[in-house]
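# Kindly return the folded structure for what I paste below:
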Amino acid sequence: MKKHSSFQCRAEIKPKIQAQIDQIYQYAYYQELKNQDSEDPKVWNEIARYYRIAAEYGDYRANERLQFLIKLEKISIDQMSQAEALKTLIDRLAQDLPARAKYLHYLSNTAPDPKYQLLPDAALLGDADAQQYFSGNLLGFQEDETITKRMKLFDQVRLCASKNGNWTATNGLEDETNSQILYADKENPALLAQSLAYKQLALKQGDTAMAITLADAFNLTKPETEQDQFDYKEKYLGVENDLERSQRYIKINEILNNAPYQGEEIVLSDLDEIVPLPPKKLPKWDGKLAIQRWYEDQTHEKPSEILIMKLAQEKGLAPKTGKPVVVLQSVKKSQ
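Model prediction:
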């Protein structure tokens with residue numbers, strides 16, 4: 001507690017990815033989404049091949065996709081245990097994103113460092129997910145003499161996590177603002193505007209449930225009963241009814257509910273261009289999201305085998321698997 005009694009908000013800077021490595025990742029991720037219901041090991045090991053090569057060139061996205069596939073037991077890890085395979089990947093990730101690596105080591109329990117130290121260190125170094133997790137831990141124990149300091153630190157760390165893109169943190173800020181609105185004696189325009197902004201930001205960051213919440217806020221009917229009055233107050237955000245805005249949020253919700261891309265992979269980078277908050281006027285919209293256009297794009301070009309061979313050999317990887325040649329040789333000898 002004493003070591004982390006002050007907090008300066010930082011965001012870990014993600015490294016720039018080479019265009020040819022990005023092409024490999026984009027193709028592999030598209031294939032992963034397209035084949036997510038497949039139980040064919042050949043399909044998954046082919047996808048992993050591309051991810052392994054991209055990850056070795058510092059593509060942190062490919063690294064984390066590999067970790068995900070390992071946890072789902074979709075891909076071959078030879079004679080390694082799952083923990084060993086994850087540790088190898090996270091250690092490689094640490095070369096480019098040390099904060100992220102500390103956080104993932106914490107979650108996977110795969111680092112030699114004292115586990116209690118990894119999470120706050122990752123938060124201080126700028127990983128948004130670690131910041132959100134750490135903020136929750138600050139209030140997870142009873143210690144009356146430090147509660148004031150911990151509450152202050154909790155607010156700072158959670159706000160930082162929200163700024164750095166963690167929608168759970170933004171959702172928490174929105175919940176807190178909503179509570180202030182619900183139990184206030186009179187309408188507070190500043191709080192209403194803040195709640196609206198947090199809802200929009202949470203949706204943009206990936207909190208898909210906010211789409212319907214925002215749709216309701218722009219299409220309210222006046223209450224007739226006491227229960228209606230409470231529901232109205234819960235949904236009211238100080239904005240005028242706007243059916244077109246409401247319908248756009250509903251459309252976004254429908255797209256996301258039927259999409260193959262789910263969970264943490266969803267970031268609606270174009271939300272403010274589709275349905276900006278008032279007083280901005282609604283622009284024309286073709287009814288599609290950027291992430292949807294990406295998925296429907298038929299030009300996810302398969303990387304050439306010449307490129308794959310060149311990149312693999314430069315890093316000591318087997319072109320057919322993306323695994324280190326030394327590891328493959330040792331596996332064969334032991335068989």
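
# How confident was the prediction at Gly263?
Looking at Gly263, its pLDDT is 57.

# Same question for Asp91.
96.

# what does Glu145 give?
On the pLDDT scale, Glu145 gets 86.

# Could you look up the SS state of it?
Judged by DSSP: H, G, I helix; E, B strand; the rest coil, the three-state class of Glu145 is helix.

# what does Asn219 give?
coil.

# what's the closest residue to it other than its chain neighbours in contact with, if anything?
Spatial nearest neighbour of Asn219, chain neighbours left out: Ser246 (3.9 Å); criterion: CB to CB, 6 or more residues apart in numbering. Quick note: C-beta positions are derived from backbone N, CA and C, even for glycine. By CB atoms under 8 Å, 6 or more residues apart in numbering, Ser246 lies in contact with 214-216, 218-219.

# Extract the residue ranges of the chain that are flagged as low pLDDT.
1-5, 113, 262-265, 327-335 (pLDDT under 70).

# Recalculate using a threshold of 90.
Applying pLDDT under 90 to the chain flags residues 1-7, 78-79, 109-116, 139-146, 182-187, 221-234, 258-266, 295-300, 326-335.

# And what about the residue nearest to Asn219, helix, strand or coil?
Classified using three-state DSSP, Ser246 is helix.

# measure it to Ile24 for me?
The gap separating Ser246 from Ile24 is 41 Å, by CB to CB, to the nearest Å.

# same check, this time on Thr213
Applying CB to CB to Thr213 and Ile24 gives a distance of 38 Å.

# try Leu138
Taking CB to CB, one finds Leu138 at 40 Å from Ile24.

# So for these two, which sits in the more crowded spot?
Taking neighbours as other CB atoms under 10 Å, Leu138 and Ile24 compare with Ile24 leading, 27 against 24.

# hey, C-alpha coordinates of whichever strand or helix holds Leu214 in PDB?
For Leu214, the element it lies in under DSSP states H and E is helix 210-217. What follows is helix 210-217 as a C-alpha-only set of coordinates in PDB (Å, rounded to 0.1, in the frame of the first residue of the first chain):
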ATOM      1  CA  MET A 210     -24.700   0.400 -24.000                       C
ATOM      2  CA  ALA A 211     -26.200   0.400 -27.500                       C
ATOM      3  CA  ILE A 212     -29.700  -0.300 -26.200                       C
ATOM      4  CA  THR A 213     -29.200   1.900 -23.100                       C
ATOM      5  CA  LEU A 214     -28.400   4.800 -25.500                       C
ATOM      6  CA  ALA A 215     -31.300   3.900 -27.800                       C
ATOM      7  CA  ASP A 216     -33.700   4.100 -24.900                       C
ATOM      8  CA  ALA A 217     -32.400   7.500 -23.800                       C
END
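
# what sits up against it?
Here helix 210-217 has contacts from 171, 196, 199-200, 202-203, 235-237, 239, 246-247, 249-250, 252-253, 256, 275, using CB under 8 Å, 6+ apart.

# Any buried residues in it, and which?
For helix 210-217, the neighbour count (16 or more other CB atoms under 10 Å) marks 210-217 as buried.

# next one: stretch 281-288
Per 16+ other CB under 10 Å, stretch 281-288 contains no buried residues.

# Could you work out the end-to-end span of that stretch for me?
18 Å (CA to CA, to the nearest Å).

# for stretch 267-280, same thing?
End-to-end distance for stretch 267-280, by CA to CA: 22 Å.

# buried residues in it?
Neighbour-count burial for stretch 267-280 [16+ other CB under 10 Å]: 268, 270-271, 274-275, 277.

# Secondary structure and distance to Thr321 for those - can I get that in CSV?
Shown next, in CSV, are the buried residues of stretch 267-280 (DSSP: H, G, I helix; E, B strand; the rest coil; distance: CB to CB, whole Å):
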residue, secondary structure, distance to Thr321
Leu268, coil, 35
Asp270, coil, 37
Leu271, helix, 39
Ile274, helix, 41
Val275, coil, 45
Leu277, coil, 49
